[in-house]
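Novice: Predicted structure and sequence below. I'll ask about it afterward.
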Amino acid sequence: MPGANIIGTGSSVPKRILSNKDLETIMNTSDEWITRRTGIKERRISTKGRNENTADLATGASLKALEMAGLSPESLDMVVVGTVTPDRQFPSTACMVQAALGADNATAFDVSAGCSGFLYALSTVDNAIQCGNCKTALVIGVERLSSIINWHDRGTAVLLGDGAGAVVVAANKKKKGVLSTHLRSDGKLWDLLYSSDGNTYLPTALKTIRLKPYLLKMKGNPLFKRAIECMATITKEALEHNSLKSEDIRLVVPHQANIRIIWGLAKSLGIPMERVYTNIHKYGNTSSATIPIALDEANREGLLVKGDHVLLVSFGAGLTWGASILKWTT
Ligand code: UT7
């Protein structure tokens, strides 16, 4: 069976920086609280009219990943996007990206799996490659969470940001870069993190849609506790599946929701923070985009070396969580 290998990475974030100090001027919060409780110092927020919509950010990240891979958009068989903040309910963000890139030979679709969207998308592509249904694919994680931030809720508004990350994945009969991906969901706990309203009762939604935008709602404390537990358990499953130990992992690229969650995960796995990549201080929580943005930054900083084992691990709305172990092959 052919293996899936990441041969290019890219990311794109909006230009506008919103710092904790800026937030102090618009809500009852402080740089001190946000930094101490979350590790976030600033986040990127897209600006209308600047080509920073969800599909724009995803396209920007994809172009960089394709450039690194040395491939043209026409060579892509699949474009799969993880997002919960598409520009439109349909068509999919993936189809918008396909058009913007001119990836005319690709099958394009979105995956909705909260902050685990990128790992769910990567797993879908990995399976397609192993089945022989796909040779080259783009896997993207992108969010414009600013479109659903409730600026009156300091408990969530300070956490979120916008951005996109992408990887080019290529089939190779001799190399297996994605060793395995392990995914879980628990829909019983959907109400710990969700967008308000929705269109279940269409007439009401149509009447109130202007007055009640879709806003992110979150119960932070119970999520916090489950996040560490779920990510640690799924990582142990992934390590065991590949007969690896924590010390075999050269770099952990975790979902960036809260620095204290990342510390807890590292402690639970017995992995020192020097081997955990974090950029939450710059971007906050960008949901599906945190892992591919961090992976791209780590790659461009030269932290990913051929032969290294890399752990990607996520947790988010759904609930969904997952872990993927890569052997870096480029
Ligand atoms: O991305 C996928 C999933 N997301 C997560 O896994 C997020 C998990 N949860 C968390 O990261 C944390 O629970 C939060 C960062 C959301 C909250 O941190 P916390 O340490 O759990 O704070 P808390 O909600 O228990 O609130 C503590 C205090 C409260 O005040 P009182 O009731 O003790 O007087 C809050 O009102 O902090 C207050 N508070 C704030 N103060 C200043 C909450 N938000 C803020 C704020 N600025 N922005």
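Specialist: Happy to help now that I have it.

Novice: Would you agree residue 75 is in contact with residue 136?
Specialist: Yes - taking contacts as CB atoms under 8 Å, residue 75 lies within contact range of residue 136: 5.3 Å. C-beta here means a position set from N, CA and C on the backbone, and glycine is covered the same way.

Novice: who has more neighbours, the two?
Specialist: Higher neighbour count among residue 75 and residue 136: residue 136, with 22 against 16, using other CB atoms under 10 Å.

Novice: Helices of the stretch 151-300 of the chain, start to end?
Specialist: Ranges of helices within the stretch 151-300 of the chain are 154-157, 202-208, 220-241, 259-269, 280-283, 290-300, based on DSSP state H, counting those that start in this stretch.

Novice: Tabulate those helices (CSV), appending mean neighbour count.
Specialist: What follows is the helices of the stretch 151-300 of the chain, written out as CSV (neighbours: other CB atoms under 10 Å):
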stretch, mean neighbour count
helix 154-157, 18
helix 202-208, 11
helix 220-241, 18
helix 259-269, 19
helix 280-283, 21
helix 290-300, 25
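
Novice: quick one, which of these is nearest to residue 84?
Specialist: Across these, residue 84 has its closest neighbour in helix 290-300 (12.7 Å, CB to CB).

Novice: Lowest mean pLDDT across the helices of the stretch 151-300 of the chain, which one is that?
Specialist: Note on those: lowest mean pLDDT is at helix 202-208, with a mean of 59.

Novice: one step back: including distance to the ligand, could the helices of the stretch 151-300 of the chain go into JSON lines?
Specialist: Formatted as JSON lines, these follow (distance: least, CB to the nearest ligand atom, whole Å):
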{"stretch": "helix 154-157", "distance to the ligand": "4"}
{"stretch": "helix 202-208", "distance to the ligand": "25"}
{"stretch": "helix 220-241", "distance to the ligand": "3"}
{"stretch": "helix 259-269", "distance to the ligand": "6"}
{"stretch": "helix 280-283", "distance to the ligand": "10"}
{"stretch": "helix 290-300", "distance to the ligand": "8"}
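
Novice: Would you reformat these as TSV and include distance to residue 19?
Specialist: Below are the helices of the stretch 151-300 of the chain laid out as TSV (distance: least, CB to CB, whole Å):
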stretch	distance to residue 19
helix 154-157	14
helix 202-208	34
helix 220-241	21
helix 259-269	17
helix 280-283	11
helix 290-300	18
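
Novice: Out of those helices, flag the one nearest residue 11.
Specialist: Closest approach to residue 11 among these (CB to CB): helix 290-300, 4.1 Å.

Novice: in the stretch 1-150 of the chain, what residue is nearest the ligand?
Specialist: Minimum separation of the stretch 1-150 of the chain from the ligand (CB to the nearest ligand atom) falls at residue 29, amounting to 3.4 Å.

Novice: That residue contacts residue 158, doesn't it?
Specialist: Yes - contact status for residue 29 versus residue 158: in contact at 5.7 Å, counting by CB under 8 Å.

Novice: Touching both of the two, which residues are there?
Specialist: Shared contacts of residue 29 and residue 158 (CB atoms under 8 Å, 6 or more residues apart in numbering): 20, 23.

Novice: Name the residue in the two with the higher neighbour count.
Specialist: More crowded of residue 29 and residue 158, by other CB under 10 Å: residue 158, with 24 against 16.

Novice: show me what contacts the residue nearest to the more buried one when sequence neighbours are not counted?
Specialist: In space, and not counting its chain neighbours, residue 158 is closest to residue 34: 5.0 Å by CB to CB, 6 or more residues apart in numbering. Residues in contact with residue 34 (CB under 8 Å, 6+ apart) are 20, 23, 40, 41, 158.

Novice: which of those residues come close to the ligand?
Specialist: residue 158 (CB under 6 Å from any ligand atom).

Novice: got a winner among the contacts of residue 34 for most neighbours?
Specialist: Tallying neighbours with other CB under 10 Å puts residue 40 at the head of these, with 26 neighbours.
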